[in-house]
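Novice: Mind folding the following:
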Amino acid sequence: MNDDLRNELILLRDLGFTHLDIRQPAAPPTIIEDSEGKSLLDELRAIAVVCEKCRLAKSRTQVVYGVGNPNADLMFIGEAPGRDEDLKGEPFVGRAGQLLTDIIKAMKLTRDDVYIANVIKCRPPENRNPEPDELDACRPYIQRQVEIIQPKVIVTLGRFALQSLTGKAYGISSARGNWLEYNGVKVMPTYHPAYLLRTPSAKKEVWADMKKVMEELSTEA
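Specialist: The predicted structure is shown next:
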């Protein structure tokens, strides 16, 4: 057994996942298009990749827009790209991203089933916290992504994702695990995967949150 497989099985065990589920591949998603047949998400991406609304445009390698199913029932929203994401142009591809991928697998889903994005589309230098004006400048992008995708549930990962999306000064420790709402969409706040790398004991709390998400999605089906 290689190290990657061993680590993934250990994570699934820690999360409380007790069996594997082999499913048929999901049907190709329906792309939401405008009257000219263009993907609305692609149109928004074209605007985002040339955005210079804040200082982060000067230091980025590339814009990290979002990936996944454009008609996803479940949307994960994080804080901002890190070094790996800035280089690849895709959210959650570093160590924290692998942990998020494993959590998604434990939910019996794949990254292709969900949509993943950040409230900040460009990497803050040295992975510092985003500044208020940077969050303000980038907020219309994540809001529009939510409008286009129309998920049934949003999982916000960490304090900045929750605060920027909702516009409210929630504390993540007190908010996590409690259902909130954003424009009619149910929101489940939980810890950022990077926090779980530093605090492995919090994995059980995150898994408890994901169980609530899975239950909500099953009732909506």
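Novice: those helices in this protein, which residues are they?
Specialist: 3-15, 40-48, 56-59, 83-88, 95-106, 132-149, 159-166, 172-175, 193-198, 203-220 (DSSP state H).
Novice: how about those, which one is nearest Y182?
Specialist: Of all the helices of the chain, helix 159-166 sits nearest to Y182, with 5.6 Å by Cβ to Cβ. (Glycine included, C-beta is placed from N, CA and C.)
Novice: on that earlier part again, now the helices of the chain as TSV including mean pLDDT and mean neighbour count?
Specialist: TSV is the format used below for the helices of the chain (pLDDT from 0 to 100; neighbours: other Cβ atoms under 10 Å):
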stretch	mean pLDDT	mean neighbour count
helix 3-15	56	13
helix 40-48	95	16
helix 56-59	95	14
helix 83-88	96	18
helix 95-106	97	20
helix 132-149	96	18
helix 159-166	95	23
helix 172-175	95	15
helix 193-198	96	18
helix 203-220	95	16
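Novice: Show me the residue at the heart of the protein, geometrically.
Specialist: With distances taken as Cα atoms, centre = their mean, F76 lies nearest the centre of the chain, 2.7 Å away.
Novice: Tell me the span between the first and last residue of stretch 126-140.
Specialist: From its first residue to its last, stretch 126-140 covers 24 Å (Cα to Cα, to the nearest Å).
Novice: does P151 really touch N69, like I thought?
Specialist: No. The criterion here is Cβ atoms under 8 Å, and P151 misses it with N69 at 9.4 Å.
Novice: overlap in contacts of those two?
Specialist: Between them, P151 and N69 share these contacting residues under Cβ atoms under 8 Å, 6 or more residues apart in numbering: Y115.
Novice: Buried residues in stretch 105-118, which are they?
Specialist: Buried residues in stretch 105-118, counted by 16 or more other Cβ atoms under 10 Å: K105, A106, M107, L109, R111, D113, V114, Y115, I116, A117, N118.
Novice: Could you export it as PDB, keeping only the C-alpha atoms?
Specialist: Taking C-alpha atoms only, stretch 105-118 is exported to PDB below (Å, rounded to 0.1, in the frame of the first residue of the first chain):
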ATOM      1  CA  LYS A 105     -14.900  11.400  -1.300                       C
ATOM      2  CA  ALA A 106     -16.100  10.500   2.200                       C
ATOM      3  CA  MET A 107     -19.400  12.200   1.400                       C
ATOM      4  CA  LYS A 108     -19.700   9.700  -1.500                       C
ATOM      5  CA  LEU A 109     -19.100  12.500  -4.000                       C
ATOM      6  CA  THR A 110     -16.300  13.600  -6.300                       C
ATOM      7  CA  ARG A 111     -14.900  17.100  -7.200                       C
ATOM      8  CA  ASP A 112     -16.800  16.800 -10.400                       C
ATOM      9  CA  ASP A 113     -20.100  16.500  -8.500                       C
ATOM     10  CA  VAL A 114     -19.600  19.800  -6.600                       C
ATOM     11  CA  TYR A 115     -18.400  23.300  -7.300                       C
ATOM     12  CA  ILE A 116     -15.400  24.700  -5.600                       C
ATOM     13  CA  ALA A 117     -14.400  28.400  -5.500                       C
ATOM     14  CA  ASN A 118     -12.900  31.100  -3.200                       C
END
